[in-house]
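1. Okay, structure incoming, though there's no sequence with it:
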């Protein structure tokens, strides 16, 4: 089903955004939407949602400011509406961040598609559920698009945009336009795949990271230092394919694969397959100190990351 | 065998460095050593070695300058001596970058240990051969240390320092002191493991990257963009363990592993195991365009990377 009848709003028609579910991800989206001048309605049944969201908004202020965004009166265009149907009634965009359960998301979106305006853009932040599966419960499956942020959304540029089998190309394009207007870097995936791309890559590296710590080759802190002083630094400016393209000399990636492919494949066979059993979790948890409080580490990371983003944006 | 009788030279006694094998890695080391004011003797049997090294030195000048290093008269303290024994006769440090074959490295180091001064630091850049195995051919196995750079050594901070079973702790410490004096970030591994740490992590991520391209989820260029706008950016400032520590909320990594460990383990089972057979190599090679010449891509990457390094060094 192609939802080609949906109007294609002109740029700037994203004024009213409804955020469904205001946990860590939903509140971070909210901070970004508000800093970009949008009006946000939050729908979340938790009794203390307003208090929690306003606290998280305050925490996001330094990062937003460092990104060059206005933060005065940030909460002024924010309202709370626990009733889902009323919350989406005037939405231009709905960004859903509910529990990661298929039945919950199917229920939410089947109610949203009936209560929201016919041309509202329907987005889910899910990190693990396919649009195709959610859309099975919908009358207008062409409208639903996954917009999966990398945490925290107000800071990290990437948004993975994925349509389901019935999602219309127009809806995908509108999602890209929306996130681009917010200053994000939306990347459209060509196929639905569990975990999408960034998390799968992260997960693959982390499996070997755990293996090396479990084997006693390095501590967690030593491994982190190795990453930040080599592959992290490199991948901030050139992704893995481009890096190996340049690692192949003038022959590029083809030469690299010809010369080093067999060694690479042999190395894959040697990588570890750790199990996250109780002793392993204990070992990994015992090492997790990092020499500073959670807040200090978070502030330092955000500050450094914003500096890098500004440097590379120049 | 503990080589505790080796003298522990005072800082600054690294004046004479001999570089064995002046391919891409050896020439890059040479550029750094010279820019740091050391005197370098290159020993390489290739007939055109001097021409090639001087050309690579010229190519390294912009990066060295951007790093704030002096480059005037860079080649002034450089000499070439094809005869291995003569080349190491006055060496304070030997950095070996010969072919990645155990028999070749055993032959080189057994000649080097006899011809070099008794207190010369003996380092190998090998990315895949254990110090323990090379040292089997040596009379003084306590002296040999792996100092494995991340390419190119004149630019990327990391040097993985690894001793073999018989390497003396003093030799490992001297290697750390030497690389630290050069402004590098030496990281000592606690165990020998094939490929060391950075390459294994890189390899694990690259395997899944290839899987996603082969499955048609993204192109190489799209995957690179996803990495630079998410995990690359993140890992430039906080390694994988610290990142997941912060991803776990105030409960840190222990909470992360408790809540998301099962999902992580399930994702590991879903990761791909691509084979680098002929059709796959062809597919990956056909996509390797990247929209610019090799030199343009390399210059852009080096420039961006130096900017990030300077930003984070502040």
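-> Perfect, I can see it now. Keep in mind that what you see is a predicted model, and the values were worked out from it rather than measured.
2. quick one: the helices in chain A?
-> When secondary structure is read from DSSP state H, chain A shows helices at A:24-35, A:49-66, A:84-88, A:102-115, A:131-135, A:169-181, A:198-214, A:220-228, A:231-235, A:240-247, A:252-270, A:278-286, A:294-313.
3. Check which residues of the third one are buried.
-> Applying a neighbour-count criterion of 16 or more other CB atoms under 10 Å in any protein chain shown, one finds A:84, A:87-88 buried in helix A:84-88. From N, CA and C alone the C-beta is placed, and that goes for glycine too.
4. name the helices or strands packed onto that helix?
-> Applying 3 or more CB pairs under 8 Å, 6 or more residues apart in numbering or on different chains; DSSP states H and E, we find helix A:84-88 packed against strand A:16-20, strand A:39-43, helix A:102-115.
5. The last one close to chain B?
-> Going back to what we said before, that points to helix A:102-115. No - contact of helix A:102-115 with chain B is not found when judged by CB under 8 Å from any CB of the partner chain; the minimum separation is 14.3 Å.
6. The residue lying closest to residue A:26 once chain neighbours are set aside: what's it in contact with?
-> What sits nearest to residue A:26 in space, not counting adjacent residues and going by CB to CB, 6 or more residues apart in numbering or on different chains, is residue A:97, at 3.8 Å. Shown in contact with residue A:97 (CB atoms under 8 Å, 6 or more residues apart in numbering or on different chains): A:19-23, A:25-26, A:29, A:125.
7. between those residues, which is closest to chain B?
-> Minimum distance to chain B across those is 10.0 Å, recorded for residue A:23 (CB to the nearest CB).
8. I'd like to know how far the residue of chain A positioned farthest from its centre sits from chain B.
-> Largest separation from the mean C-alpha position in chain A: residue A:259, at 36.0 Å (CA atoms, centre = their mean). Distance of residue A:259 to chain B, given as CB to the nearest CB, to the nearest Å: 11 Å.
9. now do residue A:194
-> Residue A:194 is 6 Å from chain B, where distance means CB to the nearest CB.
10. Backbone torsions only: list them for that residue.
-> Torsion angles at residue A:194 (phi, psi; degrees, to the nearest 10) stand at phi -60, psi 130.
11. burial measure for it, as a count.
-> Residues within reach of residue A:194, counting by other CB atoms under 10 Å in any protein chain shown, total 13.
12. unless I'm mixing things up, it is touching residue A:129, no?
-> No - using CB atoms under 8 Å, residue A:194 is not in contact with residue A:129; the gap is 9.0 Å.
13. sorry, back to before: so the residue farthest from the centre of chain A versus residue A:186, what's the distance?
-> Counting by CB to CB, to the nearest Å, the gap from residue A:259 to residue A:186 is 36 Å.
14. Not counting its neighbours along the chain, what's nearest the residue farthest from the centre of chain A?
-> Leaving out its chain neighbours, the residue that sits closest to residue A:259 by CB to CB, 6+ apart is residue A:248, at 7.4 Å.
15. Tell me the confidence at that neighbour?
-> At residue A:248, the pLDDT value in this model is 80.
16. list the contacts for it?
-> Residue A:248 sits next to A:254-257, A:259-260 when contact means CB under 8 Å, 6+ apart.
17. likewise residue A:96?
-> Taking CB under 8 Å, 6+ apart, we find residue A:96 in contact with A:20-21, A:105, A:108-109, A:112, A:122-126.
18. if I read this right, residue A:193 contacts residue A:200, doesn't it?
-> Yes - shown here, residue A:193 and residue A:200 form a contact pair, counting by CB under 8 Å, at 7.2 Å.
19. Those two: which is more packed in?
-> Neighbour count, other CB under 10 Å: between residue A:193 and residue A:200, residue A:200 has more, with 23 against 19.
20. Skipping adjacent residues, who's closest to the residue nearest to the spatial centre of chain A in space?
-> Nearest to the geometric centre of chain A sits residue A:149, at 1.6 Å (CA atoms, centre = their mean). Distances taken as CB to CB, 6+ apart place residue A:159 nearest to residue A:149, at 5.2 Å, with adjacent residues excluded.
21. how is chain A carved up into domains?
-> A:16-188, A:198-313 (automatic domain parsing).
22. Serialize those domains to JSON lines and add fields for distance to residue B:153.
-> Formatted as JSON lines, these follow (distance: least, CB to CB, whole Å):
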{"stretch": "domain A:16-188", "distance to residue B:153": "30"}
{"stretch": "domain A:198-313", "distance to residue B:153": "11"}
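23. so which of those comes closest to residue B:45?
-> Proximity to residue B:45 (CB to CB) singles out domain A:198-313 among the domains of chain A, at 20.5 Å.
24. Quickly check: stretch A:211-224 near chain B or not.
-> Yes - using CB under 8 Å from any CB, stretch A:211-224 reaches chain B at A:212-213, A:215-218, A:220-224.
25. pLDDT of that stretch, averaged?
-> Average pLDDT, stretch A:211-224: 98.
26. any residues in contact with both of residue A:193 and residue A:200?
-> In contact with both residue A:193 and residue A:200: residue B:212, using CB under 8 Å, 6+ apart.
27. Isn't residue A:105 up against residue A:112?
-> No - applying CB under 8 Å as the test, residue A:105 and residue A:112 come out as separate, 10.0 Å apart.
28. which residues does the residue of the stretch 1-150 of chain A found nearest chain B contact?
-> Using CB to the nearest CB, residue A:150 is the residue of the stretch 1-150 of chain A that sits closest to chain B, at 4.2 Å. When contacts are counted by CB under 8 Å, 6+ apart, residue A:150 touches A:156-160, A:198, B:229-231, B:234.
29. give me that answer again for 10 Å
-> Contacts for residue A:150 were tallied using CB atoms under 10 Å, 6 or more residues apart in numbering or on different chains; they are A:127, A:156-160, A:184-185, A:196, A:198-199, A:202, B:226, B:229-231, B:233-234.
30. Filter the residues you listed down to the buried ones and express that as a ChimeraX selection.
-> Command for ChimeraX that selects the buried part of the contacts of residue A:150, burial taken from 16+ other CB under 10 Å:
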select /A:127,156,157,158,159,160,184,185,196,198,199,202 /B:226,229,230,231,233,234
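31. hang on, residue A:71 packs against residue A:61?
-> Yes - using CB atoms under 10 Å, residue A:71 is in contact with residue A:61, at 4.9 Å.
32. joint contacts of those two?
-> Common contacts of residue A:71 and residue A:61, defined by CB under 10 Å, 6+ apart, comprise A:31, A:35.
33. How far does stretch A:53-60 sit from its chain's centre?
-> On the basis of CA atoms, centre = their mean, to the nearest Å, stretch A:53-60 sits 19 Å off its chain's mean C-alpha point.
34. average pLDDT for it?
-> Mean pLDDT, computed over stretch A:53-60, is 94.
35. Quick check: buried residues in it?
-> Neighbour counts over stretch A:53-60 (16+ other CB under 10 Å) mark A:53, A:56-57, A:59-60 as buried.
36. what does stretch A:116-136 give?
-> Of the residues in stretch A:116-136, A:116, A:120-127, A:129-132, A:134-135 count as buried by neighbour count, 16+ other CB under 10 Å.
37. cool, and stretch A:153-170?
-> By neighbour count with 16+ other CB under 10 Å, stretch A:153-170 contains the buried residues A:153-164, A:166-168, A:170.
38. Which pair in these has the greatest spatial separation?
-> The largest distance within the buried residues of stretch A:153-170, taken as CB to CB, falls between A:155 and A:166 and amounts to 32.5 Å.
39. can you count the residues close to residue A:73?
-> The burial count assigned to residue A:73 is 8, neighbours taken as other CB under 10 Å.
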